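Peer 1: have a look at this prediction, sequence included:
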There are 2 protein chains.
Amino acid sequence: MKPINPKEKLLRFSDHWHLRRIATVNQMQVLLAKVSGTFLWHAHAEEDELFQVLKGTLYMRFRDRTETVREGELIVVPKGVEHCPETRGGEEVHLLLFEPLTTAHTGNVQSERTQTHYPEI
Amino acid sequence: MKPINPKEKLLRFSDHWHLRRIATVNQMQVLLAKVSGTFLWHAHAEEDELFQVLKGTLYMRFRDRTETVREGELIVVPKGVEHCPETRGGEEVHLLLFEPLTTAHTGNVQSERTQTHYPEI
């Protein structure tokens, strides 16, 4: 029940696409990430996923189009929808994610980038 | 699956302590509010509630202390914990809330301020 400062938490790590948990709310979790470049195509069979852009511009690629999500904006990716987050021009983008505790990092895809544990910071 | 801009949504209403829904994520909802002054003491028996301060400073009163939540910060109020949000000096504070769809506005308390429906904007 203490205030949580995402900007201060973001100073604690520098690796990309590696999620950290900063809070839980019922069966959901709040995660932080620094991302740059292109992630990988995946979907989550059962979980919606919310992305909030804290810094920079996120490009959320869907199979039929790309949505531009600017600083301060949110986007919800519904369950089952293939998506591939990316940034452009080498920009490092800071994200806050809200999603169920059960959500797998790369959804239906296994990759060497798949993260199985989200450290709490 | 379109980007949602909370700042733009906040321009669409001006009343205080009246929540608007801007998204759902699984069984959770994302709400916006403009608040000023003191709300009322209440608790939610089953639901945790996350507050993110988009503008201004929120004072989250608990029975034994008050937490100061500054712009950009979050606070999670766990289920069952009595709380009373307030602002000081007449400041209007803008909040984003993340909570279960089942969460009642004033929790265990009924009041003329209790809101039973959250309009989608």
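Peer 2: Structure's in. What do you need?
Peer 1: CA only for contacts and neighbour counts going forward, please
Peer 2: OK.
Peer 1: report the beta-bridge partners for the residue sitting nearest the centre point of chain A.
Peer 2: With distances taken as Cα atoms, centre = their mean, chain A has residue A:97 as the residue nearest its mean C-alpha position (4.9 Å). Per DSSP bridges, the residues bridged to residue A:97 are residue A:31, residue A:51.
Peer 1: likewise for residue A:59?
Peer 2: residue A:68, residue A:86.
Peer 1: number of residues surrounding it?
Peer 2: Neighbours of residue A:59 under the rule other Cα atoms under 10 Å in any protein chain shown: 17.
Peer 1: in contact with it, which residues?
Peer 2: By Cα atoms under 8 Å, 6 or more residues apart in numbering or on different chains, the contact list for residue A:59 reads A:66-69, A:85-88.
Peer 1: out of the residues you listed, who's nearest chain B?
Peer 2: residue A:69 (5.7 Å; Cα to the nearest Cα).
Peer 1: thinking again about what came up before, list the contacts of the residue nearest to the centre of chain A.
Peer 2: A:29-33, A:49-52.
Peer 1: just residue A:73 next, same as before
Peer 2: Contact partners of residue A:73, counting by Cα under 8 Å, 6+ apart, are A:52-53, B:3-6.
Peer 1: now neighbour count and distance to residue A:10 too, for these, in CSV please.
Peer 2: Shown next, in CSV, are these (neighbours: other Cα atoms under 10 Å in any protein chain shown; distance: Cα to Cα, whole Å):
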residue, neighbour count, distance to residue A:10
A:52, 23, 14
A:53, 20, 13
B:3, 16, 23
B:4, 18, 23
B:5, 17, 22
B:6, 18, 22
